[in-house]
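Trainee: Just need the structure, nothing else, for what follows:
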Amino acid sequence: MFLTSILTTIVAASAALQTPAAKPNIVFVVADDLGWKDVGFHGSDIRTPNLDRLATEGMELKQYYVLPMCTPTRAALMTGRYPFRYGLQTGVIPSGGKYGLSLDEQLLPQALKDAGYDTWMIGKWHLGHGERSYWPMQRGFDHHYGPLIGEIDYFTHEASGVVDWQRDNVTVKEPGYSTTLLGNEAVKVIGTHDVSRPFFLYLAFNAPHTPYQAPEEYLRAYAKIADPTRRAYAACITAMDDQLGRVVHVLDEKGIRDRTLIVFMSDNGGTRDPKFSGAITDVSKVTIPCDNGPYREGKGTNYEGGTRVVGFANWPGHIHAGSTLDAPMHVVDWFPTLVSLAGGNLAKSKPLDGLDFGLTIAGARPSPRTEVVYNIEPFRAAIRQGDWKLVWRTTLPSSIELYDLAHDPAEKENLAGRYPEKVEALQKRVNELSLEAAKPLLLEVGFNSLMNEFHLPPAFPDEEYNLSSEP
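Mentor: Numbers count the residues shown, from 1 in each chain. Take a look at the predicted model:
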């Protein structure tokens with residue numbers, strides 16, 4: 001009787017998620033450098049009522065993993081594959097970088113277009129800007145609005161004196177606070193859309209990344225926060241939350257809220273080390289405001305604070321309100337999950353690292369993920385199998401760390417000396433994966449910079465990046 005009940009639940013959940021009538025619109029929202037604790041539903045004093053409501057009325061992802069930095073995470077989302085496979089595992093694409101996400105990778109918007117979706121990208125791209133072939137509209141999006149690079153001024157939309165604000169492959173100069181402008185665009189495209197066609201909206205805010213800036217009314221709302229950096233950071237987050245609330249409102253107005261899956265995540269943990277804060281803002285002399293709660297360190301590291309982030313999924317009538325997934329899920333898992341929900345296929349994709357979580361987010365199946373690859377780089381790596389996590393630094397002085405995340409999610413007690421056989425097994429797996437890794441593209445760029453300093457010919461030909469609006 002019990003088995004029959006379980007099977008009935010699984011069949012019903014599968015039908016609810018995969019029948020043509022339930023083919024969802026998808027709104028995938030990414031925050032930039034958001035601390036794990038810096039949302040209301042994790043106990044913060046920062047006000048995020050819209051995020052709180054979506055999280056509590058959907059499924060919170062309590063062990064949700066991304067990469068330690070921006071570009072690798074966004075690449076993993078777009079491909080369903082770990083970025084060490086195509087050279088984007090190290091750092092982020094710098095302003096002078098000519099490279100981008102490999103053109104032979106099938107991207108999520110391309111797969112969804114094949115499934116009949118309209119595809120829109122509103123916000124920060126950071127997967128290639130030096131060549132037009134890497135830009136969003138050349139990679140499967142019907143529309144793009146927002147910056148291509150990793151960090152801009154919220155009001156001038158500039159980086160190093162160059163405006164980076166794009167509308168459909170053309171650089172435009174528009175006044176306004178970037179978070180509000182992105183919200184305006186999202187509301188507009190949803191509000192004017194033909195509801196008979198499914199859509200995929202990738203809404204990637206640059207908030208709350210440095211520089212911490214917000215309109216005066218948001219700063220005034222946090223006047224009781226004495227530290228000006230923390231005040232501006234909090235204001236950035238609430239401003240983003242307000243725009244997400246506007247998106248939900250227009251979905252309600254269009255009568256398509258119950259046909260829309262909303263996913264929210266941060267691209268990495270909050271910044272704790274000034275060297276990972278960005279290129280246009282010096283935060284070395286201020287108190288960094290991000291709070292990753294119980295998790296160790298933050299952005300740029302393979303510790304939980306850099307890789308375990310805020311995440312939830314909300315789809316009324318399909319994902320149970322108040323549910324949680326307290327088991328590993330990785331950003332690569334969204335590719336097969338969303339394509340499956342869209343009724344698409346994966347025939348054009350290279351072998352995926354992502355797993356289909358459709359039945360899991362419906363509450364009908366446990367997490368299928370038993371391994372999490374935090375990252376594989378020539379000089380460091382981290383991997384989790386079950387509850388065991390290995391953090392391995394190979395640069396001198398090298399180090400090996402082993403943690404039992406079930407009992408020590410804060411990574412305080414290194415158990416490597418007590419469990420050498422576990423260390424050996426995890427190191428073996430890392431070595432196996434390293435044989436499949438492409439050379440980090442950032443290291444090629446860095447090496448060329450060194451060659452230029454000594455007036456030697458570049459080992460890896462490169463050119464100066466250009467954000468020209470000309471074709």
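
Trainee: Name the SS class of residue 30, please.
Mentor: With DSSP: H, G, I helix; E, B strand; the rest coil as the basis, the three-state label of residue 30 is strand.

Trainee: which residue sits closest to it, ignoring its sequence neighbours?
Mentor: residue 204 (4.4 Å; CB to CB, 6 or more residues apart in numbering). (C-beta placed from N, C-alpha, C; glycine too.)

Trainee: That neighbour contacts residue 125, correct?
Mentor: Yes - between residue 204 and residue 125 there is a contact at 7.4 Å, judged by CB atoms under 8 Å.

Trainee: what do the two both touch?
Mentor: 74, 146 (CB atoms under 8 Å, 6 or more residues apart in numbering).

Trainee: Of the two, which one has the most company?
Mentor: Set side by side, residue 204 and residue 125 show unequal neighbour counts under other CB atoms under 10 Å, the larger going to residue 125 at 28 against 23.

Trainee: Assess the claim that the more buried one and residue 144 are in contact.
Mentor: Yes - under the criterion of CB under 8 Å, residue 125 is in contact with residue 144, at a separation of 7.2 Å.

Trainee: Show me whatever sits in contact with both of those two.
Mentor: Going by CB under 8 Å, 6+ apart, residues that sit against residue 125 and also against residue 144 are 135, 136.

Trainee: Show me the shaky parts of this protein.
Mentor: Across the chain, residues meeting the criterion (pLDDT under 70) sit at 1-22, 445-471.

Trainee: now the helices for it?
Mentor: For the chain, the helices identified by DSSP state H occupy 2-18, 49-56, 70-79, 108-114, 178-191, 216-221, 228-253, 304-307, 334-341, 358-361, 420-434, 441-453, in order along the chain.

Trainee: Quick one: closest of those helices to residue 409.
Mentor: Using CB to CB as the criterion, the shortest distance between residue 409 and the helices of the chain is 6.2 Å, found for helix 304-307.

Trainee: Residue 344: what's its closest spatial neighbour, skipping adjacent residues?
Mentor: Spatially, and ignoring its direct neighbours in sequence, residue 344 is nearest to residue 115 (3.3 Å; CB to CB, 6+ apart).

Trainee: if I read this right, that neighbour contacts residue 346, doesn't it?
Mentor: No - here residue 115 does not reach residue 346: they are 10.7 Å apart, not a contact under CB under 8 Å.

Trainee: Overlap of the contact sets of the two?
Mentor: Common neighbours of residue 115 and residue 346, using CB under 8 Å, 6+ apart, are residue 339.

Trainee: how much space is there between the residue nearest to residue 159 when sequence neighbours are not counted and residue 209?
Mentor: In space, and not counting its chain neighbours, residue 159 is closest to residue 152: 5.1 Å by CB to CB, 6+ apart. Counting by CB to CB, to the nearest Å, the gap between residue 152 and residue 209 amounts to 9 Å.

Trainee: Not counting residues beside it along the chain, what's closest to the residue nearest the centre of the chain?
Mentor: A centroid search over the chain (CA atoms, centre = their mean) returns residue 267, at 3.1 Å, as the residue closest to the centre. The shortest distance from residue 267 to any residue that is not its chain neighbour, by CB to CB, 6+ apart, is 4.5 Å, and that residue is residue 73.

Trainee: how far away is the residue nearest to the centre of the chain from residue 121?
Mentor: 14 Å.

Trainee: ditto for residue 97
Mentor: Between residue 97 and residue 121 the distance, using CB to CB, works out to 19 Å.

Trainee: Counting neighbours, go ahead and name the busier of the two.
Mentor: Neighbours per residue (other CB under 10 Å) separate residue 97 from residue 121, with residue 121 holding more: 25 against 22.

Trainee: residue contacts, that one?
Mentor: Under the contact definition (CB under 8 Å, 6+ apart), the residues listed for residue 121 are 109, 136, 137, 141, 143, 144, 145, 146, 202, 204.

Trainee: mind redoing it with 7 Å?
Mentor: Going by CB atoms under 7 Å, 6 or more residues apart in numbering, residue 121 touches 136, 141, 143, 144, 202.

Trainee: Compare these and tell me which is most surrounded.
Mentor: The most neighbours of any of these, using other CB under 10 Å, belong to residue 136, which has 29 neighbours.

Trainee: is it true that that residue touches residue 144?
Mentor: Yes - applying CB atoms under 7 Å as the test, residue 136 and residue 144 come out as touching, 4.0 Å apart.

Trainee: Perfect, I'm done here.
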